[in-house]
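Chemist: Task: produce atomic coordinates for the following.
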Amino acid sequence: MTELFGGFPREFYDAYREAASWQPGYESRRDLYNLYQLLNHLNMFGGSYLTSVKRILSFYVEN
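Modeler: Numbering: from 1, shown residues only. This is a model prediction of the structure:
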């Protein structure tokens, strides 16, 4: 979720990767994990999150 709304400074991610390496496929899993948060935001705050939800869903439907 740290990358969902703009992210943290690059130094944060560099230190995170040094402490716990990311496994292959991280980018695909990141979007899937963020989908839950985006659906919550869509439900609570309205349609401004719909485009992001559709983008992630279309990736999984097409693949």
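Chemist: what's downstream of the longest helix along the chain, the next helix or strand?
Modeler: The longest helix of the chain (DSSP state H) is helix 26-45. Using DSSP states H and E, the helix or strand that directly follows helix 26-45 along the chain is helix 50-62.
Chemist: residues in contact with that next one?
Modeler: With contact meaning Cβ atoms under 8 Å, 6 or more residues apart in numbering, helix 50-62 is reached by 28, 31-32, 34-35, 38-39, 42. Heads up, the C-betas are built off the backbone N, CA and C, glycines and all.
Chemist: Buried subset of those residues as a ChimeraX selection?
Modeler: The following ChimeraX line selects those of these that are buried, judged by 16 or more other Cβ atoms under 10 Å:
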select :31,34,35,38,42
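Chemist: Show me the two of the contacts of helix 50-62 that sit farthest apart.
Modeler: Farthest pair in the contacts of helix 50-62 (Cβ to Cβ) is Ser28 and Leu42. Separation: 20.6 Å.
Chemist: Next one, pLDDT for Asn63 please.
Modeler: Confidence at Asn63, expressed as pLDDT, is 67.
Chemist: cool, and Phe45?
Modeler: Confidence score, pLDDT, at Phe45: 97.
Chemist: quick one: it from Leu39, how far?
Modeler: 11 Å (Cβ to Cβ, to the nearest Å).
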